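Peer 1: Just a sequence and a predicted model for now, questions to come.
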Amino acid sequence: MVIFAPSFAAQLHAREAVLLGPVAAVAAVAVIGGRPLLRKTLPFGTAVSLCLVLGAWGEELGFAWFQASSAVVVVALLMEPNITLERLILKSSWRLCGTFLGSALAVLMAWALEITGKEPLEVTCLCFSAFLGFGMVQVFHSKDAAFPFISSVTCITCAVLMFGFMAAGWALIFGQIASVLVGEMLSLSSSLLCQLMLPDASSLSLVFVVRTSQQILDQTVTALELIFMSQVAVLRTSGSTSPARQFRLAGRGSTLGEGSLQLASYLAEASSQRGDLTDMLGRLEEEEAILQSRCRMCLSDMRFINLAGWLDAHQVDAELVQEVHRLFLQACALSHLAAVRPLDAESWLAVGPYFQQGRKHMKVALECLKSLLESAKAFGSKGEKEQELERLCSGVENARVQLKEAWAAFQQLPAERRACAGHAAAALCQGFDSILVDIASCAQRYTRDTEWKDLEVRLQNALKSPPCMT
């Protein structure tokens, strides 16, 4: 049997083709997601590759004790997708603490087994006692942010080291501890290196909080659009107006954003049952809950590593984030009310145009609030910031004027109609008015201790003025 060995040239070409694989992979990631996606994925691939290199060439480099499998597991546990730089630093420190605790416990258990013997009965009793204590401590500290993760790492480290000790003795314990530490250092160093080579602000918790709050404001606008879709469903059911009239009262195309326009198109084609609106609102609330939880986690990370001074310098704080969350909750409450107790067709035909105009001004105010959230980076001068605040004040004032006009138009309806729809109309006007007051309260944070006293007075008047139903 003749075996044809490949020539040296063929081997060289094959090696070149293999080396071109990483280049092609990086180019594909850059084409698909651009620089942000490359910044998020490149550290993970770099850390895993370095672990494999150390594992393959460990003996030549003097790292015969290195275990690539343990280091790769550490990298996979630490470098989760979309992790921020602050979160990576915290998880690395927690992982390091858990590794030391688990290693110390495993060494103590190994010494105890050296004395009592490595019989299965002794090992079982010792592990049962240790992990029962771990479970008890974890239950008592389950509400802590760091302790559950540290406890899990401690348990895993202790179990892995004990199994290694039972199979190969003390040499495996110390080699595995060192491998875990190397994996942590590679995870953190690769992320910091990629941050220096490919600077990306989205990897910082501060920027993530700002962008998440802006997404919540977009969802607030979408929740407000559902109110008008609920009223359109009432008009479709009653058949009292033409489709063109329904289209104009919904305000589609002129005031909807890209996401809200898709939502309105879907709801316009859907049936008139209010379950469609309720299901859409439920999905919207679930998405916002996920964003809000991640936003709170980032704020907790920044407080944990003492970045509060940097946060204040960029004019983003936890209270403002909570106020944005409350804006969304109020919009959802109004949407639920409109789905359960909408205005009748006659009442909406009277007040709908005023609410439509008020919605336009409210959307302008929300867009200005989105810009103000990242004012430290988005505005080059104080004049531009003052201009946004001026637009926000005008939007709030004009929207409240439209609400008063809507309530005045409702008062012109017959007494029987006002008696039937009075509670729903008052709740709708009061809800929109409360959202406008909260928008003004958020904007007040940017006018305190500044030279824009006239804007401060206008915002204070918006907060002090009585509701529109007077």
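Peer 2: Done, it's in.

Peer 1: so how far is residue 295 from residue 176?
Peer 2: 37 Å (CB to CB, to the nearest Å). Just so you know, the C-beta spots here come from the backbone N, C-alpha and C atoms, and that holds for glycine as well.

Peer 1: Show the model's pLDDT score for the residue lying closest to residue 156 once chain neighbours are set aside.
Peer 2: Of all residues not flanking residue 156 in the chain, residue 102 sits nearest, at 7.0 Å (CB to CB, 6 or more residues apart in numbering). According to the prediction, residue 102 has pLDDT 84.

Peer 1: any chance you could map the helices in the stretch 301-450 of the chain?
Peer 2: Ranges of helices within the stretch 301-450 of the chain are 308-313, 318-340, 345-373, 375-378, 382-411, 415-444, based on DSSP state H, counting those that start in this stretch.

Peer 1: Pipe those into a markdown table and attach distance to residue 123, mean pLDDT and mean neighbour count per row.
Peer 2: Converted to a markdown table, the helices of the stretch 301-450 of the chain look like this (distance: least, CB to CB, whole Å; pLDDT from 0 to 100; neighbours: other CB atoms under 10 Å):
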| stretch | distance to residue 123 | mean pLDDT | mean neighbour count |
| --- | --- | --- | --- |
| helix 308-313 | 48 | 43 | 12 |
| helix 318-340 | 48 | 85 | 19 |
| helix 345-373 | 56 | 87 | 21 |
| helix 375-378 | 58 | 49 | 14 |
| helix 382-411 | 67 | 84 | 19 |
| helix 415-444 | 60 | 85 | 18 |
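
Peer 1: which ones are touching the residue nearest to residue 156?
Peer 2: Listed by CB atoms under 8 Å, 6 or more residues apart in numbering, the contact partners of residue 102 are 153, 154, 155, 156, 157, 158, 161.

Peer 1: ok, now residue 162?
Peer 2: Shown in contact with residue 162 (CB under 8 Å, 6+ apart): 106, 109, 110, 123, 127.

Peer 1: Is the spatially most central residue of the chain inside a helix or a strand, and which specific one?
Peer 2: By CA atoms, centre = their mean, the chain has its centre lying nearest to residue 291, at 3.5 Å. Per DSSP states H and E: residue 291 is located in helix 274-304.

Peer 1: Quick one: work out the angle between that helix and helix 318-340.
Peer 2: 170 degrees (axes from the mean of the first three to the mean of the last three CA atoms, to 10 degrees).

Peer 1: ok, back up a step: surely the residue nearest to the centre of the chain meets residue 211?
Peer 2: No: here residue 291 does not reach residue 211: they are 9.6 Å apart, not a contact under CB atoms under 8 Å.

Peer 1: which other helices and strands contact the longest helix seen in the chain?
Peer 2: Of all segments of type helix in the chain, defined using DSSP state H, the longest is helix 8-56. Judged by 3 or more CB pairs under 8 Å, 6 or more residues apart in numbering; DSSP states H and E, helix 8-56 is in contact with helix 68-78, helix 170-197.

Peer 1: can I get the ones you listed in a markdown table with distance to residue 416 and mean neighbour count?
Peer 2: A markdown table is the format used below for the helices and strands packed on helix 8-56 (distance: least, CB to CB, whole Å; neighbours: other CB atoms under 10 Å):
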| stretch | distance to residue 416 | mean neighbour count |
| --- | --- | --- |
| helix 68-78 | 67 | 20 |
| helix 170-197 | 67 | 19 |
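
Peer 1: Make CSV out of those and add distance to residue 137 and mean pLDDT.
Peer 2: Output for those, formatted as CSV (distance: least, CB to CB, whole Å; pLDDT from 0 to 100):
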stretch, distance to residue 137, mean pLDDT
helix 68-78, 21, 78
helix 170-197, 22, 79
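
Peer 1: Before I go, just wanted to say thanks for your time.
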